[in-house]
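S.K.: can't give you the sequence, but here's the structure:
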C-alpha cells in the first residue's frame, strides 16, 4: 500500500493552538475527500527532545497518507480536492515538503508517538534501522508498536511554490507508538543515549514527541 509522509512548518504569526485547530478541522475536512486515500494520520509535534548539532528539522506537523494502490496516487494529487488543499495550506503553513516512503500499512491508533527523524550517514541500511527500532521498542514500557519509514531514493518531492521547502528532508522516519503523551515522554528521556546500533548509520538525528489524530 503506497504511503507518503509530508513535513509541515506552521506559520510564525499564528499560535500553536490556531495551527492545531485549523489543520485538524478545516484542512482535514477537505482532505477526507482526497481520491484514493485509505488512511490519514496527523502528527502534531509537541516538543523536540533531541536536537542534532546541525539543528532540528523545522517541523510542526507530520502527515501520514496511505493510498489504496499505486494507480490512484497521482489521481489524488491531480484532483480538484488537491487544488483546494493547496489553497488552504497558505492559511496555516509557512513550509511543506514531502515524499513517498517505503513502510508498512496503516495500523490501529497510536495516540502519542516518539518520532525519530534522520538522514543516512552513508549508504542506506533500512534493515539495521528496523532491527534497532524493534529492539528499542521492547525497552519502552507501554509501547504499542513501532514503524520505520524510508524515503524512496531519487523520488520527486512534494513541495509548494508559495511555501518554504526542507532542503534536506528526513530520509528515515521512525515512529514509536504509545497510549498517551506521558508514555511517549517517558520514552524520550535520555534519548541521546539510545542510539547504539545506528550511530554510524544515521546522521542529523532529531527526536520529537507528537500527538496523533486519526482523520481516516
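M.R.: Looks like it came in fine. Model, not experiment: these values are computed from the prediction.

S.K.: tell me the SS of the closest residue to residue 134 other than its chain neighbours?
M.R.: The shortest distance from residue 134 to any non-neighbouring residue, by C-beta to C-beta, 6 or more residues apart in numbering, is to residue 146 (6.4 Å). C-betas here are computed from N, CA, C, even on glycine. With DSSP: H, G, I helix; E, B strand; the rest coil as the basis, the three-state label of residue 146 is strand.

S.K.: pretty sure residue 146 contacts residue 177?
M.R.: Yes. Contact status for residue 146 versus residue 177: in contact at 7.0 Å, counting by C-beta atoms under 8 Å.

S.K.: okay, the residue nearest to residue 143 when sequence neighbours are not counted: pLDDT?
M.R.: Nearest residue to residue 143 in three dimensions, chain neighbours excluded: residue 137, at 4.8 Å (C-beta to C-beta, 6+ apart). As predicted, residue 137 sits at a pLDDT of 96.

S.K.: residue contacts, residue 172?
M.R.: 116, 117, 118, 119, 120, 126, 129, 148, 149, 150, 151, 202 (C-beta atoms under 8 Å, 6 or more residues apart in numbering).

S.K.: turn those into CSV, including distance to residue 99.
M.R.: Output for those, formatted as CSV (distance: C-beta to C-beta, whole Å):
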residue, distance to residue 99
116, 17
117, 13
118, 15
119, 13
120, 14
126, 15
129, 17
148, 15
149, 10
150, 10
151, 5
202, 18
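
S.K.: and those residues, which are buried?
M.R.: 116, 117, 118, 119, 120, 129, 148, 149, 150, 151, 202 (16 or more other C-beta atoms under 10 Å).

S.K.: filter those down to the ones in helices?
M.R.: The helices, defined by DSSP state H, take in residue 129 from the buried ones among the contacts of residue 172.

S.K.: hmm, back to that, nearest to residue 186, of the contacts of residue 172?
M.R.: Nearest to residue 186 among those is residue 116, at 15.5 Å by C-beta to C-beta.

S.K.: could you name the helices and strands sitting against the helix or strand hosting residue 135?
M.R.: Using DSSP states H and E, residue 135 sits within helix 126-137. Secondary-structure packing of helix 126-137 (3 or more C-beta pairs under 8 Å, 6 or more residues apart in numbering; DSSP states H and E): strand 143-151, strand 172-178.
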